[in-house]
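Enquirer: Sequence and predicted structure below; questions after.
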Amino acid sequence: MPTEPLSADDIEAGLRELPGWQLEGDRITRTYRLPNHFAAAGLTVHVAQIQEELNHHSDLTLGYNTVALAVNSHDAGGAVTSKDLALAARVEAIAAGHGAR
Ligand SMILES: C[C@H](O)[C@H](O)[C@H]1CNC2=NC(N)=NC(=O)C2=N1
């Protein structure tokens, strides 16, 4: 998968397909709210598993009942690439199953 930086238009187009995700500075971010702490911990572990599978890792923060992700591509000089959007899409696909909104 290319690790070329995406244009602002491409990032905007990608984020339109990712509800709740936004561009904050040079990273795409999302905070999921979970029914309770244990559900948030479970989503955190599941996201870590996906990130290992993709070999692409966000800053992943577990709160009382939240899971926050912030990611860009180090190997593209800290720019947003298709790898970041792909990670976000994988997380979007499983988050609701953990009770996230
Ligand atoms: C050596 C290893 O493949 C690289 O460091 C991977 C690991 N996870 C990564 N995560 C992110 N966000 N960006 C990267 O460029 C990256 N590269």
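Expert: Okay, I see it. Source: prediction; values computed, not measured.
Enquirer: Shouldn't Asp75 be within a helix?
Expert: Yes. Under DSSP: H, G, I helix; E, B strand; the rest coil, Asp75 falls within a helix.
Enquirer: Look up how far the ligand lies from it.
Expert: 3 Å (Cβ to the nearest ligand atom, to the nearest Å). C-beta: built from backbone N, CA, C; applies to glycine.
Enquirer: pretty sure that residue contacts Thr3?
Expert: Yes. Using Cβ atoms under 8 Å, Asp75 is in contact with Thr3, at 5.2 Å.
Enquirer: Three-state assignment for Tyr64, please.
Expert: Assigned by three-state DSSP, the conformation of Tyr64 is coil.
Enquirer: excluding its backbone neighbours, what's nearest it?
Expert: Spatial nearest neighbour of Tyr64, excluding adjacent residues (Cβ to Cβ, 6 or more residues apart in numbering): His37 at 5.6 Å.
Enquirer: so who does the residue nearest to the spatial centre of the chain touch?
Expert: With distances taken as Cα atoms, centre = their mean, the residue of the chain nearest its centroid is Ala88 (3.8 Å). Applying Cβ atoms under 8 Å, 6 or more residues apart in numbering to Ala88 gives the contacts Leu18, Trp21, Ile28, Arg30, Leu69, Val71.
Enquirer: just the residues you listed that are near the ligand?
Expert: Filtering the contacts of Ala88 for proximity to the ligand by Cβ under 6 Å from any ligand atom leaves Val71.
Enquirer: Any chance of JSON lines for the contacts of Ala88, columns neighbour count?
Expert: Conversion of the contacts of Ala88 to JSON lines gives the following (neighbours: other Cβ atoms under 10 Å):
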{"residue": "Leu18", "neighbour count": "15"}
{"residue": "Trp21", "neighbour count": "22"}
{"residue": "Ile28", "neighbour count": "24"}
{"residue": "Arg30", "neighbour count": "22"}
{"residue": "Leu69", "neighbour count": "24"}
{"residue": "Val71", "neighbour count": "24"}
